[in-house]
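# Starting from these lines, generate the structure:
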Amino acid sequence: MSNTSDTAAERPDERRGGAGSVQSVDRAVSVLELLARLGEAGVTELSEELGVHKSTAFRILGVLENRGLVEQEKERGKYFLGAGVLRLAGAAAIRLDISQEGQPVCRALANGTGETANIAVLDGDAAVNIMQARGAAAVTAYNWLGRRTPLHATASGKVLLAHLPRERRERLASRKLARFTEHTLTSAGDLRAQLTGAFEDGFACSTEELEIGLNAVAAPVRAHDGAVIGAIGVSGPAYRMRRALLPELAERAVEAAADLSRRMGHAG
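As a prediction, this is how the structure comes out:
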């Protein structure tokens, strides 16, 4: 049976969504993987590799080209990976770099404070913890690694939110803010005030806003160009990390953030 025989079956599935949508995504990823392996390829070659009609391959390439993930050599009609792939790879590389470079810094912060130290990065509309180290005084073995936490209710989240572009920051701060405890900030005005403070002071705090009995401080980690790419902080029980001690712990977090930022190439 020729490759053209699947055309009639493909199109209804793609219009209906569901399994057809998943299949389309799978084929798009396959195109990217093929171009990574082959270097460049034409529509005919790609359609044969995928086992689909040329029109299907052309539609997939059109979507990828619109997103900048593939580009076309106009004279020969060959396709190759576009600059959009580099942007995605760069974002992944930054996350890998900060995780690798952050290990000794995170451990030193945990050892110096005795509490749990974490490194978090922005993940859509939340912060995700990519590194954790526990100090000698840490009272629980709770694992924050990989956990997505709300931006408005955590110290790391406030740091990341405070350094977003104004339009995106305002959009996230103005939406409905979920309440986790009686201390959670649910007013956009109150949150904006704390974000301003985080931006100006160079650190943020959270006091029993995500969980009762849990306090935290965090400071921004910068890349070589000064952009904030993460946050490093300390969290611990409120009876030990009392409000009066948070500024002192924040200084430790700021020092750790500066160390990690230097490791990431920031000269400031």
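
# all strands for the stretch 101-250 of the chain, in order.
Counting by DSSP state E, counting those that start in this stretch, the stretch 101-250 of the chain has strands at residues 116-123, 126-134, 148-150, 204-207, 214-222, 228-237.

# Flag the shaky bits of the protein, pLDDT-wise.
Per-residue confidence for the chain (pLDDT under 70) gives these ranges: 1-20, 76, 86-87, 89-96, 139-142.

# Quick check, central residue of it?
Among the residues of the chain, the one closest to the centroid is Asp123, at 3.1 Å (C-alpha atoms, centre = their mean).

# List the residues that contact it.
Counting by C-beta atoms under 8 Å, 6 or more residues apart in numbering, Asp123 touches Arg148. Every residue, glycine included, has its C-beta placed from N, CA and C.

# can you list the residues that contact stretch 98-112?
116-119, 121, 130-136, 138, 221, 229-230, 232, 234, 252-253, 256, 259-260, 263-264.

# Please repeat the previous calculation with a cut-off of 7 Å.
Residues outside stretch 98-112 that contact it (C-beta atoms under 7 Å, 6 or more residues apart in numbering) are 116-117, 119, 121, 130-131, 133-135, 221, 229-230, 232, 234, 252, 256, 259-260, 263-264.

# any idea how far it is from the chain center?
19 Å (C-alpha atoms, centre = their mean, to the nearest Å).

# Send me it as PDB with only the CA atoms.
Extracted C-alpha coordinates of stretch 98-112, given in PDB (Å, rounded to 0.1, in the frame of the first residue of the first chain):
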ATOM      1  CA  ILE A  98      22.600  26.000  37.500                       C
ATOM      2  CA  SER A  99      21.900  22.600  38.900                       C
ATOM      3  CA  GLN A 100      25.400  21.500  38.400                       C
ATOM      4  CA  GLU A 101      27.100  24.700  39.600                       C
ATOM      5  CA  GLY A 102      24.600  25.000  42.400                       C
ATOM      6  CA  GLN A 103      25.400  21.800  44.200                       C
ATOM      7  CA  PRO A 104      28.400  23.000  46.300                       C
ATOM      8  CA  VAL A 105      26.800  26.400  46.900                       C
ATOM      9  CA  CYS A 106      23.500  24.800  48.100                       C
ATOM     10  CA  ARG A 107      25.400  22.400  50.400                       C
ATOM     11  CA  ALA A 108      27.500  25.300  51.800                       C
ATOM     12  CA  LEU A 109      24.400  27.300  52.500                       C
ATOM     13  CA  ALA A 110      22.700  24.300  54.200                       C
ATOM     14  CA  ASN A 111      25.800  23.600  56.300                       C
ATOM     15  CA  GLY A 112      26.200  27.300  57.300                       C
END
